[in-house]
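In: Give me the fold of what follows.
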Amino acid sequence: MLIAAAVCPCPPLLVPEVAAGAAPELEGLRAACAEAVRALAAARPECLIVVGPAEPAGRGPHAQGASGSFRGFGVELDVRLAAPAADGASGGDDAAGRSPSPPPSLPLSLAVAAWLLEHAGWDPAVPVEGLGVGEPLAAERCIEVGRELAGRAERIALLVMGDGTACRTLKAPGYLDERAAPFDAEVARALAAADTGALAALDEELAYELKAAGRAPLQVLAGAAEGAPLKGELRYDEAPYGVGYFVASWSS
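Out: Reported below is the predicted structural model:
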C-alpha cells in the first residue's frame, strides 16, 4: 500500500556541479526537493520506488546501487541509486580492493533522483528500486503499473520524478504555447489536493505536444495512490527557464 509520495522535477541543473554559475538560481527548488525526500523518510516505508521518465535504453527496473553519470554535461560526477556508503559513488578500483562501478545505466531522471537521495541523507538501509517509464506509455498502463507497485508491500513510498510543460515562455525549450500554463496549473492543483482522478485524466497527446516529461510518472502515481487516504502539499510551483517544475508531498 502506498503510504507516502514525493514529486520532484528532474532537470540536471538541480545538481550544482552541472548548473555551475547558475546554481544559486535553483536553491529554493533544491531545498523544496530535499524537504520532500525527508518527508518520505519520515513516513518509514519498507521500500522506496523511484519512478522517472526514460528513453528506451533506460526503461524498466533499476536495482539499488545502479549507477548514473553527469559526465555528458562536462562534469566528472557519478552517482549510485541509494548505494550503501561503503560502495561510494564513483567508479574505479581503490586501495581497499573494491571493484569498479558498473557502466552507468540509470536514465537521467533517476540519476537526478539518486543525487537528491544522497544529499537529503536517505538511509541506504531502506531498500530503493528505480523504474524508468517511457513517454509513450498509455495512461491505462501507467495506472496499472502504479497499482502493481503499491501492492509490493504494506508500506510503499514513491519518489516521482518529472517536469511539467516546456512551453511556458518564448525562451522555453518548446517555445511559448498558451496551453502550457493551464496544463501546469491543473497538475499543480491535483498535486496540492492529492487528486488521483485528475492526474489519471491528464491528456496524453496534449502533454506530448507541450513536452511535459512528467506525464507518465504522474499517472503511475495516480494508480499507486488509488484508494490511499493521502493528503497533498504543494511545496514548489514555478517555471524557471520556461519549464514547469513542481515539488509536492503526499502523506497520510
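In: Just to be sure, E129 is in a strand?
Out: Yes. With DSSP: H, G, I helix; E, B strand; the rest coil as the criterion, E129 is assigned to a strand.
In: ok, it to G197 distance?
Out: Distance of E129 to G197, given as Cβ to Cβ, to the nearest Å: 26 Å. Just so you know, the C-beta spots here come from the backbone N, C-alpha and C atoms, and that holds for glycine as well.
In: and if you look at C10?
Out: For C10, the distance to G197 equals 24 Å [Cβ to Cβ].
In: More neighbours: the two, which one.
Out: C10 (26 against 10; other Cβ atoms under 10 Å).
In: my read: that one touches W115, true?
Out: No. Counting by Cβ atoms under 8 Å, C10 does not reach W115; the two are 10.0 Å apart.
In: got the buried residues for the helix or strand containing D184?
Out: For D184, the element it lies in under DSSP states H and E is helix 180-193. Using 16 or more other Cβ atoms under 10 Å as the test for burial, helix 180-193 gives 180-181, 183-184, 186-188, 190-192.
In: could you point out which element follows it?
Out: helix 196-200.
In: Now find how far off-centre the helix or strand just after that next one is within its chain.
Out: Going down the chain from helix 196-200, the next helix or strand is helix 204-209, by DSSP H and E. Taking Cα atoms, centre = their mean, to the nearest Å, one finds helix 204-209 lying 19 Å from the centre of the chain it belongs to.
In: average model confidence for helix 204-209?
Out: What helix 204-209 shows for mean pLDDT is 98.
In: repeat for stretch 52-70
Out: 96.
In: Tell me which residues of the longest helix along the chain come out buried.
Out: Longest helix in the chain by number of residues, with DSSP state H as the criterion: helix 27-42. Residues 29-30, 32-37, 39-41 are the ones in helix 27-42 that count as buried (16+ other Cβ under 10 Å).
In: same check, this time on stretch 223-237
Out: 223-225, 228, 230, 232-237.
In: From those, which land in helices?
Out: 223-224.
In: can you tell me which of the buried residues of stretch 223-237 lies nearest to A139?
Out: G223 (9.2 Å; Cβ to Cβ).
In: tell me the secondary structure for A213?
Out: A213 ends up coil, using three-state DSSP.
In: Okay, it and A150: tell me how far apart.
Out: 23 Å.
In: Contacts for the helix holding D184 next, please.
Out: 7, 164-168, 172, 174, 195, 198-199, 202-203, 206-207, 210, 212, 214, 218, 232-234, 237, 239, 244, 246, 248 (Cβ atoms under 8 Å, 6 or more residues apart in numbering).
In: can you pull the contacts of the closest residue to D184 other than its chain neighbours?
Out: Distance criterion Cβ to Cβ, 6 or more residues apart in numbering; nearest residue to D184, sequence neighbours excluded, is G244 at 3.9 Å. Neighbouring residues of G244 by Cβ under 8 Å, 6+ apart: 163-166, 168, 180, 184, 187, 212, 237-238.
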